[in-house]
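**Student:** pasting the structure only:
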(Lines give C-alpha, C1' and ligand atoms only; values in the text may rest on other atoms or scores of the structure.)
Protein backbone atom coordinates (compact mmCIF):
# COMPACT_ATOMS: atom_id res chain seq x y z
CA UNK A 1 0.00 0.00 0.00
CA UNK A 2 1.34 3.43 -0.96
CA UNK A 3 2.18 5.79 1.89
CA UNK A 4 -0.43 8.52 2.31
CA UNK A 5 0.79 12.00 1.53
CA UNK A 6 0.83 14.77 4.13
CA UNK A 7 -2.23 16.89 3.45
CA UNK A 8 -1.62 20.60 3.96
CA UNK A 9 -3.92 23.57 4.46
CA UNK A 10 -2.75 27.18 4.25
CA UNK A 11 -4.12 30.15 6.17
CA UNK A 12 -3.25 33.32 4.29
CA UNK A 13 -2.87 34.15 0.62
CA UNK A 14 -0.71 37.28 0.69
CA UNK A 15 2.66 37.81 -0.95
CA UNK A 16 4.71 35.32 1.06
CA UNK A 17 2.13 32.58 0.45
CA UNK A 18 3.39 32.23 -3.12
CA UNK A 19 6.79 30.98 -1.90
CA UNK A 20 5.12 28.64 0.59
CA UNK A 21 2.77 27.23 -2.06
CA UNK A 22 5.74 26.61 -4.36
CA UNK A 23 7.57 24.85 -1.55
CA UNK A 24 4.75 22.46 -0.68
CA UNK A 25 3.91 21.62 -4.29
CA UNK A 26 7.53 20.61 -4.98
CA UNK A 27 7.39 17.84 -2.35
CA UNK A 28 6.21 14.43 -3.63
CA UNK A 29 5.15 13.32 -0.15
CA UNK A 30 2.93 16.38 0.42
CA UNK A 31 -0.28 17.70 -1.06
CA UNK A 32 -1.56 21.27 -0.65
CA UNK A 33 -5.33 20.75 -0.64
CA UNK A 34 -6.95 23.79 0.97
CA UNK A 35 -6.39 27.52 1.44
CA UNK A 36 -8.25 30.42 3.00
CA UNK A 37 -7.90 34.19 3.34
CA UNK A 38 -10.12 37.04 4.47
CA UNK A 39 -9.63 38.29 0.90
CA UNK A 40 -11.38 35.47 -0.93
CA UNK A 41 -10.18 36.69 -4.32
CA UNK A 42 -6.56 36.32 -3.17
CA UNK A 43 -7.26 32.77 -2.01
CA UNK A 44 -8.98 31.93 -5.28
CA UNK A 45 -5.98 33.26 -7.20
CA UNK A 46 -3.55 31.06 -5.25
CA UNK A 47 -5.88 28.07 -5.64
CA UNK A 48 -5.91 28.53 -9.40
CA UNK A 49 -2.13 29.04 -9.61
CA UNK A 50 -1.27 25.94 -7.61
CA UNK A 51 -4.25 23.67 -8.36
CA UNK A 52 -5.48 23.74 -4.74
CA UNK A 53 -8.77 21.88 -4.64
CA UNK A 54 -10.62 23.85 -1.94
CA UNK A 55 -10.92 27.48 -0.87
CA UNK A 56 -12.35 27.46 2.65
CA UNK A 57 -14.59 30.24 3.96
CA UNK A 58 -12.54 30.85 7.12
CA UNK A 59 -9.45 29.87 9.07
CA UNK A 60 -11.67 28.20 11.64
CA UNK A 61 -13.30 25.96 9.04
CA UNK A 62 -9.95 25.08 7.51
CA UNK A 63 -8.40 24.15 10.86
CA UNK A 64 -11.41 21.98 11.73
CA UNK A 65 -11.06 19.77 8.65
CA UNK A 66 -10.42 16.16 9.62
CA UNK A 67 -8.47 15.34 6.47
CA UNK A 68 -5.59 17.80 7.07
CA UNK A 69 -2.28 16.94 8.74
CA UNK A 70 -0.51 20.30 8.56
CA UNK A 71 -1.52 23.97 8.72
CA UNK A 72 0.83 26.58 7.24
CA UNK A 73 0.12 30.06 8.65
CA UNK A 74 1.18 33.05 6.55
CA UNK A 75 -1.01 35.83 7.96
CA UNK A 76 -0.27 39.18 9.66
CA UNK A 77 1.66 38.95 12.93
CA UNK A 78 -1.22 39.72 15.29
CA UNK A 79 -3.09 36.62 14.08
CA UNK A 80 -0.29 34.10 14.58
CA UNK A 81 -1.03 33.16 18.18
CA UNK A 82 -4.78 32.67 17.75
CA UNK A 83 -4.47 30.71 14.50
CA UNK A 84 -1.58 28.58 15.75
CA UNK A 85 -3.38 27.64 18.98
CA UNK A 86 -6.58 26.90 17.04
CA UNK A 87 -4.70 24.64 14.61
CA UNK A 88 -2.76 22.77 17.31
CA UNK A 89 -5.93 22.18 19.33
CA UNK A 90 -7.48 20.76 16.18
CA UNK A 91 -4.67 18.20 16.07
CA UNK A 92 -2.62 19.71 13.24
CA UNK A 93 1.13 20.20 12.90
CA UNK A 94 1.87 23.92 12.42
CA UNK A 95 4.42 25.85 10.40
CA UNK A 96 4.01 29.58 11.09
CA UNK A 97 5.72 32.55 9.48
CA UNK A 98 7.90 34.72 11.67
CA UNK A 99 7.46 36.04 14.26
CA UNK A 100 5.90 32.96 15.84
CA UNK A 101 4.39 35.16 18.56
CA UNK A 102 4.62 38.84 19.37
CA UNK A 103 6.38 38.13 22.68
CA UNK A 104 7.79 35.16 24.63
CA UNK A 105 4.55 34.71 26.57
CA UNK A 106 2.65 34.02 23.34
CA UNK A 107 5.33 31.55 22.25
CA UNK A 108 5.06 29.81 25.65
CA UNK A 109 1.34 29.27 25.02
CA UNK A 110 2.07 27.79 21.61
CA UNK A 111 4.77 25.46 22.96
CA UNK A 112 2.39 24.23 25.66
CA UNK A 113 -0.38 23.65 23.11
CA UNK A 114 1.96 21.73 20.79
CA UNK A 115 3.07 19.54 23.70
CA UNK A 116 -0.49 18.82 24.77
CA UNK A 117 -1.55 17.98 21.21
CA UNK A 118 1.65 15.98 20.55
CA UNK A 119 2.10 17.87 17.32
CA UNK A 120 5.09 19.64 15.78
CA UNK A 121 5.41 23.43 15.79
CA UNK A 122 8.00 25.46 13.89
CA UNK A 123 8.64 29.09 13.07
CA UNK A 124 9.54 29.74 9.42
CA UNK A 125 12.98 31.31 9.91
CA UNK A 126 14.07 30.80 6.33
CA UNK A 127 17.49 32.47 6.60
CA UNK A 128 18.81 29.41 8.46
CA UNK A 129 18.08 27.38 5.32
CA UNK A 130 20.10 29.41 2.82
CA UNK A 131 23.04 27.50 1.35
CA UNK A 132 25.52 30.04 2.70
CA UNK A 133 24.01 29.85 6.19
CA UNK A 134 24.17 26.06 6.20
CA UNK A 135 27.79 26.09 4.97
CA UNK A 136 28.97 28.53 7.64
CA UNK A 137 27.01 26.69 10.33
CA UNK A 138 28.79 23.43 9.46
CA UNK A 139 32.17 25.17 9.67
CA UNK A 140 31.45 26.83 13.02
CA UNK A 141 29.84 23.68 14.49
CA UNK A 142 33.05 21.77 13.74
CA UNK A 143 34.81 23.98 16.28
CA UNK A 144 36.94 25.92 13.81
CA UNK A 145 36.33 29.28 15.52
CA UNK A 146 36.76 27.98 19.04
CA UNK A 147 34.66 29.69 21.71
CA UNK A 148 32.52 32.41 20.07
CA UNK A 149 32.49 35.16 22.68
CA UNK A 150 31.13 38.06 20.61
CA UNK A 151 29.02 38.62 17.51
CA UNK A 152 27.64 41.53 15.52
CA UNK A 153 24.42 41.27 13.53
CA UNK A 154 22.58 43.83 11.49
CA UNK A 155 19.77 44.03 8.96
CA UNK A 156 19.65 47.59 7.69
CA UNK A 157 17.76 49.27 4.86
CA UNK A 158 18.21 52.84 3.69
CA UNK A 159 14.74 53.77 2.45
CA UNK A 160 13.01 50.40 2.73
CA UNK A 161 9.98 51.02 4.92
CA UNK A 162 7.14 48.67 3.86
CA UNK A 163 4.18 51.04 3.66
CA UNK A 164 1.36 48.64 2.82
CA UNK A 165 -0.86 46.39 4.90
CA UNK A 166 -0.19 46.25 8.63
CA UNK A 167 3.51 47.16 8.69
CA UNK A 168 3.02 50.70 10.02
CA UNK A 169 0.81 49.89 13.01
CA UNK A 170 1.83 48.43 16.36
CA UNK A 171 -1.57 46.94 17.18
CA UNK A 172 -1.49 44.87 13.96
CA UNK A 173 2.24 44.13 13.60
CA UNK A 174 3.56 44.14 17.16
CA UNK A 175 6.48 46.40 16.23
CA UNK A 176 8.48 47.79 13.33
CA UNK A 177 11.90 46.88 11.94
CA UNK A 178 12.86 45.03 15.13
CA UNK A 179 10.12 42.44 14.85
CA UNK A 180 10.00 42.40 11.03
CA UNK A 181 13.65 42.11 9.95
CA UNK A 182 15.52 42.13 13.27
CA UNK A 183 13.94 38.77 14.12
CA UNK A 184 15.52 37.28 10.98
CA UNK A 185 19.09 38.37 11.61
CA UNK A 186 18.98 37.77 15.36
CA UNK A 187 17.72 34.22 14.85
CA UNK A 188 20.47 33.58 12.31
CA UNK A 189 23.18 35.02 14.57
CA UNK A 190 22.10 33.00 17.60
CA UNK A 191 21.85 29.91 15.38
CA UNK A 192 25.40 30.38 14.08
CA UNK A 193 26.66 31.02 17.63
CA UNK A 194 24.68 28.02 18.89
CA UNK A 195 23.68 30.18 21.81
CA UNK A 196 20.02 30.53 22.80
CA UNK A 197 20.45 31.59 26.41
CA UNK A 198 20.15 35.39 26.47
CA UNK A 199 20.05 36.78 30.00
CA UNK A 200 19.87 40.55 29.49
CA UNK A 201 19.52 43.25 26.86
CA UNK A 202 20.05 46.99 26.68
CA UNK A 203 18.93 48.93 23.65
CA UNK A 204 16.91 51.58 21.86
CA UNK A 205 13.89 51.38 19.60
CA UNK A 206 13.05 54.71 17.93
CA UNK A 207 11.31 56.40 15.02
CA UNK A 208 13.65 59.09 13.71
CA UNK A 209 13.14 59.31 9.95
CA UNK A 210 9.92 57.64 8.80
CA UNK A 211 7.57 60.37 10.09
CA UNK A 212 9.56 63.33 8.75
CA UNK A 213 7.80 65.41 6.12
CA UNK A 214 10.55 65.03 3.50
CA UNK A 215 11.04 61.27 3.97
CA UNK A 216 10.06 58.78 1.27
CA UNK A 217 10.30 55.02 0.86
CA UNK A 218 11.15 52.84 -2.12
CA UNK A 219 8.72 50.22 -0.79
CA UNK A 220 5.03 50.87 -1.46
CA UNK A 221 3.03 54.09 -1.45
CA UNK A 222 4.79 57.45 -1.60
CA UNK A 223 2.00 59.02 0.47
CA UNK A 224 2.01 56.56 3.35
CA UNK A 225 0.34 57.19 6.70
CA UNK A 226 3.06 59.13 8.53
CA UNK A 227 0.63 60.51 11.08
CA UNK A 228 -0.84 57.12 12.04
CA UNK A 229 2.40 55.14 11.91
CA UNK A 230 3.46 54.12 15.43
CA UNK A 231 6.27 51.55 14.98
CA UNK A 232 10.04 52.05 15.13
CA UNK A 233 12.21 52.58 12.06
CA UNK A 234 15.48 51.82 13.91
CA UNK A 235 16.51 49.58 16.79
CA UNK A 236 19.84 48.60 18.28
CA UNK A 237 20.89 46.67 21.34
CA UNK A 238 23.50 44.69 23.23
CA UNK A 239 22.52 41.18 24.30
CA UNK A 240 24.37 39.24 27.01
CA UNK A 241 24.28 35.44 27.25
CA UNK A 242 24.48 33.05 30.17
CA UNK A 243 27.99 31.88 29.19
CA UNK A 244 29.35 35.46 29.15
CA UNK A 245 29.16 35.96 25.38
CA UNK A 246 27.61 39.11 23.90
CA UNK A 247 25.93 40.14 20.65
CA UNK A 248 25.26 43.60 19.23
CA UNK A 249 22.17 43.96 17.04
CA UNK A 250 21.09 46.65 14.58
CA UNK A 251 18.03 46.77 12.36
CA UNK A 252 16.42 49.57 10.40
CA UNK A 253 13.96 50.49 7.66
CA UNK A 254 15.25 54.01 6.95
CA UNK A 255 18.90 54.35 8.04
CA UNK A 256 21.00 57.04 6.30
CA UNK A 257 23.82 54.74 5.21
CA UNK A 258 25.80 53.78 2.12
CA UNK A 259 23.84 51.44 -0.16
CA UNK A 260 20.21 50.40 0.19
CA UNK A 261 20.57 47.07 2.02
CA UNK A 262 23.23 45.69 4.34
CA UNK A 263 22.60 42.39 6.12
CA UNK A 264 25.47 40.80 7.98
CA UNK A 265 26.57 38.58 10.85
CA UNK A 266 30.13 38.63 12.17
CA UNK A 267 31.36 36.00 14.63
CA UNK A 268 34.46 36.40 16.79
CA UNK A 269 36.00 33.29 18.31
CA UNK A 270 39.19 32.63 20.24
CA UNK A 271 40.69 30.72 17.29
CA UNK A 272 39.22 32.56 14.30
CA UNK A 273 36.46 34.88 13.13
CA UNK A 274 33.86 34.55 10.38
CA UNK A 275 31.46 36.69 8.37
CA UNK A 276 28.08 35.93 6.82
CA UNK A 277 26.93 36.11 4.02
CA UNK A 278 30.41 36.15 2.49
CA UNK A 279 31.43 32.99 4.38
CA UNK A 280 34.85 34.53 4.99
CA UNK A 281 37.15 33.17 7.70
CA UNK A 282 39.76 35.26 9.53
CA UNK A 283 42.52 33.25 11.17
CA UNK A 284 46.32 33.25 11.53
CA UNK A 285 49.45 31.16 11.38
CA UNK A 286 52.22 31.29 13.97
CA UNK A 287 53.48 34.58 12.53
CA UNK A 288 50.99 35.84 9.94
CA UNK A 289 47.36 36.58 9.18
CA UNK A 290 45.43 33.90 7.30
CA UNK A 291 42.17 34.86 5.58
CA UNK A 292 40.12 32.40 3.57
CA UNK A 293 36.57 31.73 2.44
CA UNK A 294 34.16 28.86 1.93
CA UNK A 295 33.28 28.27 -1.71
CA UNK A 296 29.68 27.14 -1.61
CA UNK A 297 28.20 24.51 -3.88
CA UNK A 298 24.84 26.23 -4.22
CA UNK A 299 21.81 24.00 -4.59
CA UNK A 300 19.77 26.75 -6.31
CA UNK A 301 16.84 25.74 -4.10
CA UNK A 302 15.15 28.67 -2.39
CA UNK A 303 15.57 28.94 1.36
CA UNK A 304 11.81 28.97 1.94
CA UNK A 305 11.53 25.70 0.03
CA UNK A 306 14.36 24.13 2.05
CA UNK A 307 12.60 25.19 5.25
CA UNK A 308 9.29 23.61 4.21
CA UNK A 309 11.03 20.42 3.10
CA UNK A 310 12.85 20.16 6.44
CA UNK A 311 9.60 20.66 8.37
CA UNK A 312 7.81 18.00 6.32
CA UNK A 313 10.70 15.56 6.85
CA UNK A 314 10.52 16.14 10.61
CA UNK A 315 6.85 15.14 10.55
CA UNK A 316 7.28 12.17 8.22
CA UNK A 317 10.35 10.92 10.08
CA UNK A 318 8.97 11.82 13.51
CA UNK A 319 12.09 13.68 14.60
CA UNK A 320 12.56 17.16 16.09
CA UNK A 321 11.92 20.20 13.90
CA UNK A 322 15.07 22.04 12.74
CA UNK A 323 13.89 25.33 14.29
CA UNK A 324 12.81 24.30 17.81
CA UNK A 325 10.15 26.67 19.19
CA UNK A 326 12.22 26.98 22.37
CA UNK A 327 14.93 28.66 20.29
CA UNK A 328 12.33 30.95 18.77
CA UNK A 329 11.18 31.81 22.28
CA UNK A 330 14.73 32.89 23.17
CA UNK A 331 14.86 35.19 20.13
CA UNK A 332 11.52 36.78 21.02
CA UNK A 333 12.57 37.18 24.66
CA UNK A 334 15.61 39.18 23.53
CA UNK A 335 13.53 41.40 21.22
CA UNK A 336 10.89 41.94 23.91
CA UNK A 337 13.70 42.89 26.27
CA UNK A 338 15.00 45.44 23.77
CA UNK A 339 11.57 47.07 23.56
CA UNK A 340 11.37 47.09 27.36
CA UNK A 341 14.82 48.65 27.59
CA UNK A 342 13.62 51.52 25.37
CA UNK A 343 10.66 52.06 27.70
CA UNK A 344 12.68 51.97 30.92
CA UNK A 345 15.95 53.47 29.73
CA UNK A 346 17.99 50.71 31.34
CA UNK A 347 19.25 47.16 30.86
CA UNK A 348 16.54 44.52 31.17
CA UNK A 349 17.05 41.09 32.73
CA UNK A 350 15.31 38.34 30.79
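**Tutor:** Done, it's in. A quick note: this is a predicted structure, and the numbers were derived from the prediction, not measured. Numbers count the residues shown, from 1 in each chain.
**Student:** what about residue 37, distance to residue 16?
**Tutor:** Separation of residue 37 from residue 16 (Cβ to Cβ, to the nearest Å) stands at 12 Å. All C-beta atoms are positioned from the backbone trio N, CA, C, and that covers glycine.
**Student:** that should have said residue 171, apologies.
**Tutor:** With Cβ to Cβ as the criterion, residue 171 and residue 16 are 21 Å apart.
**Student:** neighbour count winner among these two?
**Tutor:** residue 16 (16 against 9; other Cβ atoms under 10 Å).
**Student:** what's the spacing between that one and residue 314?
**Tutor:** 21 Å.
**Student:** hang on, residue 7 packs against residue 68?
**Tutor:** Yes - using Cβ atoms under 8 Å, residue 7 is in contact with residue 68, at 5.2 Å.
**Student:** list residues touching both of those two?
**Tutor:** residue 33 (Cβ atoms under 8 Å, 6 or more residues apart in numbering).
**Student:** between the two, who's got more neighbours?
**Tutor:** The residue with more neighbours, out of residue 7 and residue 68, is residue 68; 20 against 16, by other Cβ under 10 Å.
**Student:** the nearest residue to residue 267 once chain neighbours are set aside is in what secondary structure piece?
**Tutor:** Leaving aside its chain neighbours, residue 267 sits nearest to residue 274 (4.7 Å; criterion: Cβ to Cβ, 6 or more residues apart in numbering). Per DSSP states H and E: residue 274 is located in strand 273-276.
**Student:** packing partners for that strand?
**Tutor:** helix 131-141, helix 183-193, strand 261-269, strand 280-284 (3 or more Cβ pairs under 8 Å, 6 or more residues apart in numbering; DSSP states H and E).
**Student:** pretty sure residue 211 contacts residue 229?
**Tutor:** Yes - if you go by Cβ under 8 Å, residue 211 and residue 229 touch, sitting 6.2 Å apart.
**Student:** the more surrounded of the two?
**Tutor:** More crowded of residue 211 and residue 229, by other Cβ under 10 Å: residue 229, with 19 against 16.
**Student:** quick one: residues contacting the more buried one.
**Tutor:** By Cβ under 8 Å, 6+ apart, residue 229 lies in contact with 168, 169, 207, 210, 211.
**Student:** which of those residues sits closest to residue 135?
**Tutor:** In terms of Cβ to Cβ, no member of the contacts of residue 229 lies closer to residue 135 than residue 210, at 35.6 Å.
**Student:** show the pLDDT at the residue nearest to that closest one when sequence neighbours are not counted.
**Tutor:** In this structure, residue 210 finds its nearest non-sequential neighbour in residue 233, 4.1 Å apart by Cβ to Cβ, 6+ apart. pLDDT for residue 233: 98.
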